[in-house]
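**Q** this is a predicted model, with the sequence first.
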Amino acid sequence: MVASYRKYLKNQAFPGMTEMETAQMKGLPLPPIQKPYPENANLIDLISPEQFSIGTIPLIDAIRNRRSRRKFKKKPLTLEELSFLLWATQGVQKLIRQGLITLRTVPSGGAMHPFETYLLINSVNSVRPGLYRYLALEHKLLKLSSNDVDLPAKINEACNDQNFIGKSAVVFIWSVRPSRTEYRYGEDSLKDILISVGHICQNLYLACESIGAGTCSIIAYNQDLLDNFIGVDGNDEIALYLAPVGKIQQHP
């Protein structure tokens, strides 16, 4: 018996698909590039990509050394290292089409880039532990909560008690705002969203290897718990993928 989900691996041709009108076809406004935040929000500056002095190992070495890492040293990341990893995974390189579209360090179908990056920061120099969101347009951090000593335990619980996750220096958590991709691709959005988030995480793997850090992609989690952890509704914004990051023993 062929599993019914396999149809979603294909470019869809559902009955009536050719008659479907996307929001773009209807001339509706494009959803915002980035989830809004309060004007008086407390933002934290990151290191500018033009100032990076790290991540310069040969690409062939990063690819050769790439592994899923589950054991991390008790050593903080530097602010430059965190800035580099965020830029490598969602960094905005250029605004186009009257500022409605971004070109980034990763590909996304139609340059829709429907993702938000949340961070559980446990150990980063100059940044207090807590939950944050990366503002890719500004290349800054938005503080959501801090001083909650239970956050590492809560992320472990949300991830089916994979306790190594909460022991990392930082946990990257990506959510998706489906309307951003649906605007252009309608019911064909699922395939693009899942492929695109894979591009993000692979960039994280390679960028980590280039700074003596490691990561491990995680899709085994409780959906409701992870949605609640980052404060999203699970419908208009959905937690999708996560990856803990920490320093590892240097390669010989």
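**A** Right, received. Where do you want to start? Numbers count the residues shown, from 1 in each chain.

**Q** ok, now how distant is F84 from I230?
**A** 22 Å (C-beta to C-beta, to the nearest Å). For every residue, glycine as well, the C-beta is placed using N, CA and C.

**Q** neighbour count winner among these two?
**A** Set F84 next to I230 and count neighbours by other C-beta atoms under 10 Å: F84 wins out with 25 against 21.

**Q** how about the helices in the stretch 101-250 of the chain?
**A** For the stretch 101-250 of the chain, the helices defined by DSSP state H, counting those that start in this stretch cover 151-158, 178-185, 189-209, 223-230.

**Q** show me where the stretch 1-150 of the chain has its strands.
**A** Here the stretch 1-150 of the chain has its strands, by DSSP state E, counting those that start in this stretch, at 43-45, 92-96, 101-104, 115-121, 130-135, 140-146.

**Q** go through those strands and find the least confident stretch.
**A** Among the strands of the stretch 1-150 of the chain, strand 140-146 has the lowest mean pLDDT, at a mean of 92.

**Q** wait, L151 touches I121, no?
**A** No: L151 is not in contact with I121 according to C-beta atoms under 8 Å; the separation is 9.1 Å.

**Q** overlap of the contact sets of those two?
**A** 129-131 (C-beta atoms under 8 Å, 6 or more residues apart in numbering).

**Q** out of these, who's nearest N163?
**A** Comparing these against N163 with C-beta to C-beta places P129 closest, at 17.3 Å.

**Q** ok, and what's touching stretch 23-34?
**A** Residues contacting stretch 23-34 (C-beta under 8 Å, 6+ apart): 100-102, 113, 116, 135-137, 177, 179-180, 182-184.

**Q** what residues does stretch 144-163 touch?
**A** 118, 120, 122, 128-133, 165-167, 171, 218, 220-222, 225-226, 228-229, 231, 242.

**Q** chain center to that stretch, what's the gap?
**A** Put simply, stretch 144-163 sits 17 Å off its chain's centre (C-alpha atoms, centre = their mean, to the nearest Å).

**Q** start and end of it, how far apart?
**A** End-to-end distance for stretch 144-163: 23 Å, by C-alpha to C-alpha, to the nearest Å.

**Q** return the set of buried residues in it.
**A** Neighbour-count burial for stretch 144-163, counted by 16 or more other C-beta atoms under 10 Å, picks out 144, 151-152, 154-159, 162.
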